[in-house]
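**Q** coordinates only, sequence not included:
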């Protein structure tokens, strides 16, 4: 499906992609890492299990331990004063152990042929989607603000199984956002609160500090508590008063008998002075705060003058991730209709297909194991026959 901008009276679809038809004419594979042999190849396929082979086709990574960079262009637009909805389907069919499944939105001016990551990477507007490495599993939501990439302070979850999952990010003009997976919200809130775009509104008053005579020690040693006289002279252990010399004890052979030690019931442990509440305690000192003179609100956070290129630019240890059903729009109804047609209506069928594939794999493995066992038995029978022949000779 072509990447198009369809303007209507109430909704605009900026990009709609299901990898049908001549998808290669719409996507550009970057030259990044090609010369070093580190660039991975792409293909469009439905994968190993699917609801409908043709409808389930998506863009798949094909080589392990490679860098990937591919992008598609769409008519430039700005989300200023508009709702922005980004959604797409990710299927980690390989059972991913370490690698990205996120997408990036760039300005229209980015060079697709040279699009690349690294320390000098092309500047993107938004990065969104799952990233998994071992036990670290999260959904990235990163915005570029004044030349710096800002990561969300919270950690939205992500899915790490081998089924397809729909990821959706919604950013509204009033500075709010939501992240949903499979149409279920997993995180939402205010952009200003969940990212450090702006300096804090209030700061500790630099002109004030805790008074030198401030008492913040809640408990103190009781000045009237004294160690009892002779306390340190009480032994920790004493000779067992109930012990008697064993009947078979021989002083000539065993030496002088001494009773074993036992804990002294009079011993009370190391003496510690009693603690009491401090009568001069004033409580915890709280540093007074003032309005931060450097704080200035910005209503344009996460609003960009130019979106024009969507890219998948990731590293994967184990390849096999499939990307599909991409949409960028400003209308929730359009997003919902597309996800229903390309994802929601196929979820159950895909699960059944996977269960069937798993069961077929188990059956094949069991049959192979049985054949190996039968071969071992046949080999043993042959050995027995040979031994019998030797005995007859």
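**A** Looks like it arrived, so ask away. None of the values given here were measured: they were computed from a predicted structure.

**Q** residue most distant from the centroid, this structure?
**A** Centroid-distance maximum for the chain: residue 252 at 76.1 Å, with Cα atoms, centre = their mean.

**Q** dihedrals phi and psi, that one?
**A** For residue 252, the backbone dihedrals are phi -70, psi -40 (criterion: degrees, to the nearest 10).

**Q** for residue 61, same thing?
**A** phi -80, psi 140.

**Q** any buried residues in stretch 94-106, and which?
**A** Neighbour-count burial for stretch 94-106, with 16 or more other Cβ atoms under 10 Å as criterion, is recorded at 94, 96, 99-106. (C-beta placed from N, C-alpha, C; glycine too.)

**Q** tell me how far it lies from the chain's centre.
**A** Its chain's average C-alpha position is 11 Å from that of stretch 94-106, according to Cα atoms, centre = their mean, to the nearest Å.

**Q** try stretch 13-26
**A** Relative to the centre of its chain, stretch 13-26 is centred 29 Å away, using Cα atoms, centre = their mean.

**Q** for that stretch, what is the average pLDDT?
**A** Average pLDDT, stretch 13-26: 96.

**Q** repeat for stretch 108-122
**A** 86.

**Q** which residues touch it?
**A** 28, 30-33, 67, 69, 71, 73, 76, 106, 306-309, 311, 313 (Cβ atoms under 8 Å, 6 or more residues apart in numbering).

**Q** what do you get for stretch 336-352?
**A** Stretch 336-352 has contacts (Cβ under 8 Å, 6+ apart) with 16, 18, 49-52, 55-56, 87, 89, 163-164, 166, 168, 182-183, 324-325, 327.

**Q** let's see 7 Å
**A** Here stretch 336-352 makes contact (Cβ atoms under 7 Å, 6 or more residues apart in numbering) with 16, 18, 49-52, 55-56, 87, 89, 163-164, 166, 183, 325, 327.

**Q** the stretch 51-200 of the chain: helices as residue ranges?
**A** Here the stretch 51-200 of the chain has its helices, by DSSP state H, counting those that start in this stretch, at 191-194.

**Q** make a markdown table from the buried residues of stretch 94-106 and add distance to residue 277 to it.
**A** Shown next, in a markdown table, are the buried residues of stretch 94-106 (distance: Cβ to Cβ, whole Å):
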| residue | distance to residue 277 |
| --- | --- |
| 94 | 63 |
| 96 | 58 |
| 99 | 58 |
| 100 | 56 |
| 101 | 57 |
| 102 | 55 |
| 103 | 60 |
| 104 | 59 |
| 105 | 60 |
| 106 | 63 |
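
**Q** looking at those residues, which is nearest residue 320?
**A** Residue 320 lies nearest to residue 94 out of these, by Cβ to Cβ, at 2.8 Å.

**Q** where's the closest one relative to residue 132, distance?
**A** Residue 94 is 11 Å from residue 132, where distance means Cβ to Cβ, to the nearest Å.

**Q** residue 10 too?
**A** Between residue 10 and residue 132 the computed distance is 37 Å (Cβ to Cβ).

**Q** and residue 39, how many neighbours?
**A** For residue 39, the neighbour count with other Cβ atoms under 10 Å is 20.

**Q** whoops, residue 249 was the one
**A** 12.

**Q** quick check: pLDDT value at the nearest residue to it once chain neighbours are set aside.
**A** Sequence neighbours aside, residue 257 is the residue nearest to residue 249 in space, at 5.3 Å (criterion: Cβ to Cβ, 6 or more residues apart in numbering). You'll see residue 257 listed with a pLDDT of 90.

**Q** returning to what we had before: so between residue 10 and residue 132, which is more surrounded?
**A** The residue with more neighbours, out of residue 10 and residue 132, is residue 132; 22 against 8, by other Cβ under 10 Å.

**Q** what's near enough to touch that one?
**A** Contacts of residue 132 (Cβ under 7 Å, 6+ apart): 96, 98-99, 158, 160.

**Q** circling back: isn't there a strand covering the residue nearest to residue 249?
**A** No - counting by DSSP: H, G, I helix; E, B strand; the rest coil, residue 257 is not found in a strand; it is coil.

**Q** list the residues that contact it.
**A** By Cβ under 7 Å, 6+ apart, residue 257 lies in contact with 245, 249, 251.

**Q** per-residue confidence for the first one?
**A** Confidence per residue is given as pLDDT, and for residue 245 that number is 91.

**Q** quick check: the spatially closest residue to it that is not a sequence neighbour vs residue 316, distance?
**A** Residue nearest to residue 245 in three dimensions, not counting chain neighbours: residue 257, with 4.8 Å by Cβ to Cβ, 6+ apart. With distances taken as Cβ to Cβ, residue 257 is found 77 Å from residue 316.

**Q** show me the contacts of residue 257 that map onto helices.
**A** residue 251 (DSSP state H).

**Q** nearest to residue 368 among the contacts of residue 257?
**A** Of these, the one sitting nearest to residue 368 (Cβ to Cβ) turns out to be residue 249, at 74.0 Å.
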